[in-house]
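# Here you go, sequence then predicted model.
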Amino acid sequence: MRLLLRIAAWLILFWLILSVLVVLPFRWVNPPLTMVMFDRWLTTDNPEFRLYQNWLSWEDIPKHAALAVVASEDQRFPLHRGFDVDAIQQALRERERRGQLRGASTISQQVARNMYLWTGRSWFRKALEAWFTVLIEFFWGKQRILEVYLNIAEWGEGIFGLDAASQYHFGRPASQLTRMQAALLASSLPSPLGYNPSSPGPRLQRRAEWNLEQQRRLGGEQWLRPLSEPK
């Protein structure tokens, strides 16, 4: 029994050290590849498939585009510690009423999932997602998490990151995105392969207009200012 406990303790220690080693460096180093990128490359049937990404530092990311993404994906992002308990409870209540569980993932959880995990659904994968979410919240901080998210989010087949998305959909760098264009990109994130921000249908157009209204409700770009303040 003691031997088994000792082996278990060493395995837990090994896992803790390994987890830190695969998370901590990306506090400063931009990840060259994510698991989602690798999965898309591995499973594509398109022989001409290419990955397009142009990394933008936090200073180069247009803040109105960052705000649009937060307004669309996770409005409590500056306030929570990686998990939006209120959103989770609301999702569970909706499941009781409708029998379906809607997504309640925060931006932090999406970064953890996209960076480190395979596609699919399972409780084991969800547990790993929670673990990596805790680590990136602790080691990276909010500004870095949002910077990484805006550079690895998927916006089309092989299109990753805000600048590649802006070039692909609107033929301009992210620095030249209008507020409506940024809102269209942000509003397409729940289904990036199903929406076309450059030629939006009525539903995406309504989502973008809602996004702009949410940005005004939140108070504009100054709402993101605490992300840049020292921890």
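Structure received.
# hey, where'd the helices end up in the protein?
In the chain, the helices defined using DSSP state H lie at 2-23, 35-43, 63-73, 85-98, 107-116, 123-139, 142-152, 162-170, 179-187, 202-218.
# Please identify the most buried of those.
Neighbour counts (mean count of other CB atoms under 10 Å) averaged over each of the helices of the chain peak at helix 179-187, with a mean of 25. (Glycine included, C-beta is placed from N, CA and C.)
# quick one on the thing from earlier: with mean pLDDT as added columns, please give the helices of the chain in TSV.
Output for the helices of the chain, formatted as TSV (pLDDT from 0 to 100):
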stretch	mean pLDDT
helix 2-23	91
helix 35-43	94
helix 63-73	96
helix 85-98	63
helix 107-116	96
helix 123-139	95
helix 142-152	97
helix 162-170	98
helix 179-187	98
helix 202-218	96
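# Mind putting these into JSON lines with distance to Pro226?
Putting the helices of the chain into JSON lines (distance: least, CB to CB, whole Å) gives the following:
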{"stretch": "helix 2-23", "distance to Pro226": "23"}
{"stretch": "helix 35-43", "distance to Pro226": "28"}
{"stretch": "helix 63-73", "distance to Pro226": "12"}
{"stretch": "helix 85-98", "distance to Pro226": "19"}
{"stretch": "helix 107-116", "distance to Pro226": "15"}
{"stretch": "helix 123-139", "distance to Pro226": "15"}
{"stretch": "helix 142-152", "distance to Pro226": "8"}
{"stretch": "helix 162-170", "distance to Pro226": "21"}
{"stretch": "helix 179-187", "distance to Pro226": "20"}
{"stretch": "helix 202-218", "distance to Pro226": "12"}
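# closest to Leu227 out of these?
Leu227 sits nearest to helix 142-152 of all the helices of the chain, at 4.5 Å, using CB to CB.
# The closest one - contacts with which helices or strands?
Applying 3 or more CB pairs under 8 Å, 6 or more residues apart in numbering; DSSP states H and E, we find helix 142-152 packed against helix 63-73, helix 107-116, helix 162-170.
# Relative to Gly194, which of the helices of the chain is closest?
For the helices of the chain, the distance to Gly194 is smallest for helix 202-218, at 9.3 Å, taking CB to CB.
# Now do the contacts for Gln75.
When contacts are counted by CB atoms under 8 Å, 6 or more residues apart in numbering, Gln75 touches 214, 218.
# Now it, what are its backbone angles?
Backbone geometry at Gln75, expressed as degrees, to the nearest 10, gives phi -70, psi -20.
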